[in-house]
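# For reference, the sequence and a predicted model appear below.
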Amino acid sequence: MMAEGTVSYRALALVLFAVAAAAPAGAQTSRYSGGWGAPDAAPAGSGVQDEAAQRLVDELNKLVDEAQRGRAADPRFLSDLRDLARRYAWPWRRRIVSDEFRDGDITRDPEWAIEAGAFSVGNEGLISRQAAAAAPASPAPAEPSRREERQDVGRALLGTLLEGLARDRQGNGQTAQPPARPAPAASESRIRLSAAIPNAFALRLSLRSQATAGGRLEIGVGQGERAMGYRLAYSPGATPSLSLVRVGAYGTAVVEGVSEPVSLEDGAQHTLQLTRDSQGEMVISVDGKERLRIRERTFRGAFDRLVLVNRGGDYAVRQMAVYGTP
């Protein structure tokens, strides 16, 4: 039996592992010696961990609990170990939905619904191509020539005659139909998947991107027909190029953007990940590297849909998955 205030060799090994992981390279000082300096930042999590790492994190949490109950270590040290374990933990172990788009059919197992634009399934997965919306040109008005003035008068007279003819037809019980206008080109392609997604979730997307400046891809979770919720937005060439977006009842707002530029336009597969824990802390990662961490608590309830919106670009989604806590 261990004496009170002591720690087993196994616990000590786990603690040393945690300290080694948390300490920056070349660090010479310790916050647990004289001075009680400001805490060092814990390392960023690297996304989904393997089972062995998760078992280690779970066991570390148990040992911290035991040490805290027995007052076997400095409270601030135990608090930092708990924070380290939380950052490396993967609590979203329940798979809610996933799709690798290998069956060539997006309308079953799982059942996606196309709300706008066009999507297809090919060898590279879910394919979406959408032209970025061009800003309308505003040329300065030119002085009309005499010929143009005569044409304008003719158009006005013709319009008056047509309006009179329409009134005559309405008087005879006939409804005048306005001339057909061509439908405007879709400004976005949008697809959704109905799913019961808890407030704490992990969303992972593997894709290849060929987008140009002005393009934009959004992936996220939403509530109701207006899909109010959170989205991870990738905008190549823009500042910020990667951001967390909140879609609410009064519009869309950028919660926070990644400070350094992010580019996925190298023809390779990349993995985007958005996680939200039970405390509302949200993390955006790219290829396992954390790029943004922020706490956001606007939405407290569960979500009922997964949404993907293409506002410009050529994207091939190889895999998409959503996880929740047990």
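Everything's here; your move.

# Now do the contacts for Ser189.
For Ser189, the contacting residues are 114, 116-119, 128-130, 309-310, by C-beta atoms under 8 Å, 6 or more residues apart in numbering. For glycine as for every other residue, the C-beta is placed from the backbone atoms N, C-alpha and C.

# Below-threshold pLDDT in the protein: ranges please.
For the chain, the stretches flagged by pLDDT under 70 are 1-51, 134-186.

# those helices in it, which residues are they?
Along the chain, the segments classed as helices by DSSP state H run 9-22, 51-69, 75-88, 146-171.

# Flag every buried residue along the second one.
Taking 16 or more other C-beta atoms under 10 Å as the neighbour-count basis, helix 51-69 is seen to contain the buried residues 54, 56-57, 60, 63-64, 67.

# about what we covered before: quick check, nearest of the contacts of Ser189 to Val322?
Val309 (16.3 Å; C-beta to C-beta).

# Touching, the closest one and Gly222? I think so.
No: at 10.4 Å, Val309 and Gly222 do not qualify as touching, with contact defined as C-beta atoms under 8 Å.

# roughly how far apart are the closest residue to Ser194 other than its chain neighbours and Glu66?
Spatial nearest neighbour of Ser194, excluding adjacent residues (C-beta to C-beta, 6 or more residues apart in numbering): Arg305 at 5.4 Å. As judged by C-beta to C-beta, to the nearest Å, Arg305 and Glu66 stand 42 Å apart.

# Whichever of the contacts of Ser189 end up buried, select them in PyMOL.
Applied in PyMOL, the following selects the buried portion of these according to 16+ other C-beta under 10 Å:
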select buried, resi 117+119+128+129+130+309+310
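
# Identify the residues contacting Glu124.
By C-beta under 8 Å, 6+ apart, the contact set of Glu124 is 208, 316, 318.

# Roughly how far does it sit from Gly215?
Distance, Glu124 to Gly215, by C-beta to C-beta: 18 Å.

# same thing with Ala196?
Applying C-beta to C-beta, one obtains 31 Å for the distance of Ala196 from Gly215.

# Which one's more surrounded, those two?
Ranked by neighbour count (other C-beta atoms under 10 Å), Ala196 and Gly215 place Gly215 first, with 24 against 12.
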